[in-house]
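Novice: predicted model follows, preceded by the sequence.
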Amino acid sequence: MPKYTVKQAAEALGVSIKTIRRRIAEGDLSATKETRGKQELLFIDGAELARHAEVSNLRLNVDMLGQSENDDSVIHGHGSAHPPSKVIVDQLDSGSVVEPSEDIVRQVSAIVGQARTTEDIVEQLRTALAEARAREAWLQERLQAIEEEAARERERAFEERQRLLDLIPKALPSPRTWWQRVFRGKGDGGHA
């Protein structure tokens, strides 16, 4: 079963190294100490990392697992430097696998678990995309209805403006002719 450093686990879960160390200290995440040269490093089993991601409702970025700057920082199985699939293929090619060992079964289980996690993520993304498309279609329909209503309102406003413009001349007194202005008041009571 592959093991990952604290840094790789943090990258795969999308959290900080400090968060991983805190979860290990709190007992939420299991890790083992191994001595590498003069250093004592913490390693997290791949299955434990997947379990923690599921329990903590975190997404496990399986692309980050096994992707390291230094191939020796990921430990597969019993100190093998090859990824699980390479170990299995080598054993199958050599014909040495009669009955799968416990180590191979764990490696295959981890791969299947990672594939299921990836399938779940893909399914969630498909569902989210379908929901987004449905929302977009509803918004397009709503926008079209609002634009049609706005066009009807503009038409009504134009018709009301025309009606008012037609009423204005009728509401105002008719203008007096120049004769009426010159002879002002002669028919209105005699003041000239």
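Specialist: On my side now, so go ahead.

Novice: please report the distance of Glu136 from Gln144.
Specialist: 13 Å (C-beta to C-beta, to the nearest Å). Heads up, the C-betas are built off the backbone N, CA and C, glycines and all.

Novice: for the biggest helix by length in the chain, which helices and strands make contact with it?
Specialist: For the chain, the helix that runs over the most residues, judged by DSSP state H, is helix 102-171. Judged by 3 or more C-beta pairs under 8 Å, 6 or more residues apart in numbering; DSSP states H and E, helix 102-171 is in contact with helix 46-55, helix 84-94.

Novice: the first one to helix 102-171, inter-axis angle?
Specialist: Pointing back at helix 46-55 there. Angle, helix 46-55 to helix 102-171, by axes from the mean of the first three to the mean of the last three C-alpha atoms, to 10 degrees: 30 degrees.

Novice: low-confidence ranges, the chain, go.
Specialist: For the chain, the stretches with pLDDT under 70 are 1, 62-101, 105, 185-192.

Novice: now with 80?
Specialist: Along the chain, the model assigns pLDDT under 80 to residues 1-2, 60-121, 169-176, 178-181, 183-192.

Novice: how far off centre is the longest helix of the chain?
Specialist: Taking the mean of its C-alpha atoms, helix 102-171 sits 16 Å from the chain's own mean (C-alpha atoms, centre = their mean, to the nearest Å).

Novice: return the residues in contact with the nearest residue to Leu49 once chain neighbours are set aside.
Specialist: With C-beta to C-beta, 6 or more residues apart in numbering as the measure, Ala9 is the residue that lies nearest to Leu49, at 5.6 Å, once sequence neighbours are left out. Ala9 makes contact with 20, 29, 44, 49, according to C-beta atoms under 8 Å, 6 or more residues apart in numbering.

Novice: after the strand or helix carrying Ala9, next one along is what?
Specialist: Taking DSSP states H and E as the definition, one finds Ala9 inside helix 6-13. Counting by DSSP H and E, the next helix or strand C-terminal to helix 6-13 is helix 17-25.

Novice: what angle do that next one and helix 46-55 make?
Specialist: 100 degrees.

Novice: can you name the residues bridging to Phe43?
Specialist: The partner list for Phe43 in beta bridges (DSSP bridges) reads Thr5, Thr32.

Novice: that one - how many residues pack around it?
Specialist: By the criterion of other C-beta atoms under 10 Å, Phe43 has 20 neighbours.

Novice: ok, now which ones touch it?
Specialist: By C-beta under 8 Å, 6+ apart, the contact set of Phe43 is 3-5, 31-34, 75.
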